[in-house]
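A.B. asks: fold the following and give me the result.
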Amino acid sequence: MSVSEKNSVVEEDQPDVSVEDRRLLRKVDRRLLPVFTLLYLLSFLDRSNIGNAKLDGMITDLGVAPASYNTALAIYFVGYVIFEIPANRCNPQVWLPSLTLVWGIVSICQGLVKNQAGLFGIRFLLGAAEAGLFPGVIYVFSVYYLRRERSWRVAIFFGGSALAGAFGGIFAYCIGLMNGVGGRSGWQWYVRALMHHLINTTSKRIFILEGILTVAISLIAYFIVPTWSHEAKFLSETEKTRLLDRLRADSDAGTDQAFKWSSVGDAFSDHLVWAYAFLFHGFSFVLYSFSFFLPTIIAGLGFETWQAQLMTVPPNVLASFSIWTTVYFSSRYNARAPFIIGAAIVCIIGYILLITCTRPGLQYFGVLLAAAGVYTGNSLLLSWPGENVSGQAKRAVAVALQISVGDIGAIAGCLIYRPTLSSRLYRTPNLIAIGYLLFAIVMVTYLWVMMSMENRRRDRLLPKDEDETEEERIRLGDRSVRYRYRI
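C.D. replies: Coordinates of the predicted model:
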């Protein structure tokens, strides 16, 4: 059986996967997935808890103009995009925990700002600090797992973002119950509960407690996050050899490739790499505008602040289960594009219900559908370049480029959901969100068609090109006639 044939079925359903390989995968999963999912949960929590803080009075307490709140959201992504440098060649054992430590400290500083200028500056620094986590983790997955094995792991990892929204909502609800106690706003009690003797009462903010949690976990992460697969100390020499053999048979991940600037040029000149980036651009607009403004939208349905905080939990929990269920079937049937399109359609239906219905129950149901669709679509599309771009340096650039271009969509979303367009539950911005989702569907269709055509072309050429050596296959990467795109 050829490598391309083996890749057509998820590993759990393959009779040729040995018991030793299954045991090896479980060992790698236990080492990578819990810590990376937790780090991403903290990352998403620290960037999006500003939505809960806004609902609990942050804007008024800091004297920030309502329109400037949108600017503060956008500035985060400016820092994120600028510093989305492909530093994936750094040792992840040091690089990823260090990033977490830095943004945890910055998150604590968010709670110490006293005016609008301070808020703008600290949001930029937070974006810069968090920029390397996601592409770094995706790249680490690519040097531990076969191509067919990555989407499920990325889904578990990305599910942390939805769980962060649920956790943030519960936490905000609990603290909101303390609103007015001791003459303090609920968001100030985030810190007073545990930090009464350490932080001046005039500078307590919703962010500090969560920032302290991030710092603490980052210090533990230094002892848990693994290094590259060929140096992994948590594997025995036999397990390490087997892991690298599996990777070499599947892609370039098991080889030690020197960095070449030509690979960077290959990434920037590949139309498929740009299509992945524009696909995330469409979904990113919806993902971040939804997560940042969800508490405000739910409050607009007629719920009290504390109720709105609690009611952000079900959409995020549903999103997590939707991610894991959909990606399981996506892997089982070896399909990405139709499931991404389906997720976009579900999200569009949710926005239509939110826009057209007048009953809060139906509108809230629309919120549930929108959450399930946008989070599920993102979890699938973010693993796609890691599966289909070959050549280690090219893949590192492709993943970083996807996040950079995608998060420009997040900047647009933050600026469009402004106070002047907040009437009727942000009806106009929600219509624009539907437009972005339709654009994403076009990008998925483009990728689907182009990669299918290229796979068929290579199928016709393969019998004429049997002499391609292993070295040539590695050098050519995804341009090799033997390489098949996962669609």
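
A.B. asks: burial of Lys260, as a residue count?
C.D. replies: 13 (other C-beta atoms under 10 Å). Where C-beta positions appear, they are placed from N, C-alpha and C, glycine not excepted.

A.B. asks: is it true that it touches Ala393?
C.D. replies: Yes. With contact defined as C-beta atoms under 8 Å, Lys260 and Ala393 form a contacting pair (6.1 Å).

A.B. asks: okay, now Arg458: neighbour count?
C.D. replies: Around Arg458 there are 18 residues (other C-beta under 10 Å).

A.B. asks: what helix or strand is it on?
C.D. replies: Element membership of Arg458 [criterion: DSSP states H and E] is helix 423-461.

A.B. asks: quick check: mean pLDDT of that helix?
C.D. replies: Averaging pLDDT along helix 423-461 gives 95.

A.B. asks: buried ones in it?
C.D. replies: 425-426, 428-430, 432-434, 436-437, 439-441, 443-444, 446-448, 451, 454, 458 (16 or more other C-beta atoms under 10 Å).

A.B. asks: packing partners of that helix?
C.D. replies: helix 271-299, helix 337-356, helix 360-381, helix 392-416 (3 or more C-beta pairs under 8 Å, 6 or more residues apart in numbering; DSSP states H and E).

A.B. asks: give me the distance from the second one to the chain's centre.
C.D. replies: Spelled out, it's helix 337-356. 19 Å (C-alpha atoms, centre = their mean, to the nearest Å).

A.B. asks: for it, name the packing helices and strands.
C.D. replies: Using 3+ C-beta pairs under 8 Å, 6+ apart: helix 337-356 touches helix 271-299, helix 313-332, helix 360-381, helix 423-461.

A.B. asks: buried set for the shortest one?
C.D. replies: What it means is helix 313-332. For helix 313-332, by 16+ other C-beta under 10 Å, it's 313, 315-320, 322-324, 326-327, 330-331.

A.B. asks: list of residues touching it?
C.D. replies: 9-10, 13, 148, 151-152, 154-156, 158-159, 162-166, 169-170, 173, 294, 336, 339, 342-343, 367-368, 370-376, 379-380 (C-beta atoms under 8 Å, 6 or more residues apart in numbering).

A.B. asks: one step back: so which of the helices and strands packed on helix 337-356 gets nearest Phe36?
C.D. replies: Checking those against Phe36 by C-beta to C-beta gives helix 360-381 as the closest, at 13.8 Å.

A.B. asks: just the angle for that closest one relative to helix 271-299, thanks.
C.D. replies: With axes from the mean of the first three to the mean of the last three C-alpha atoms, to 10 degrees applied, the angle from helix 360-381 to helix 271-299 works out at 160 degrees.

A.B. asks: quick one: distance of the helix or strand that helix 360-381 is followed by to the chain centre.
C.D. replies: Where DSSP H and E defines the elements, the next helix or strand beyond helix 360-381 is helix 384-388. Between the centre of helix 384-388 and the centre of its chain there are 14 Å (C-alpha atoms, centre = their mean).

A.B. asks: perfect, that will be all.
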